[in-house]
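Asker: With the sequence up front, the predicted model follows.
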Amino acid sequence: MMEARRGATHHAVVKDTRNGATMSIGLGIVLFVIGAILAFALHIDVGWVDLPLVGYILMAAGVVVFIVGLVFLMRRRRTIATSHTSVDPRSGDTVRRDETSAPDDTI
């Protein structure tokens, strides 16, 4: 194990939490495409369900999910984890301080 000597070390990790937003955008597109296929491309008569209506509903849901995904993407929330390690000059012990912050937390 390496011992910390005089001085300090900093480690910062930036975690980007936009994966959910991009998945929402993809899901919105998929819903819209499936809805368009049901509404315009299939000409099947099913007695117990109106396929064009289901298609329009899926298209509307796809648009809503897509817009929600864009809103989350625009928020760009990031989390920054900072680790600071130094040596106490009096005792010689290694001191470590960890911090987590979100820089976009403005109201």
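Answerer: It's in.

Asker: I'd like the average pLDDT over the helix or strand hosting A81.
Answerer: Per DSSP states H and E: A81 is located in strand 78-87. Mean per-residue pLDDT for strand 78-87: 75.

Asker: mind listing what that strand pairs with, with the direction of each?
Answerer: Strand 78-87 pairs in its sheet with strand 8-16 (antiparallel), strand 94-101 (antiparallel), by DSSP bridges.

Asker: Could you tell me the least trusted of those?
Answerer: strand 8-16 (a mean of 53).

Asker: Distance from the following helix or strand past that strand to the middle of the chain?
Answerer: Per DSSP H and E, the first helix or strand lying C-terminal to strand 8-16 is helix 19-36. Distance of helix 19-36 from the chain centroid (Cα atoms, centre = their mean, to the nearest Å) equals 14 Å.

Asker: Quick one: list the elements packing against helix 19-36.
Answerer: Contact here means 3 or more Cβ pairs under 8 Å, 6 or more residues apart in numbering; DSSP states H and E; on that basis helix 19-36 packs against helix 51-75. (C-beta placed from N, C-alpha, C; glycine too.)
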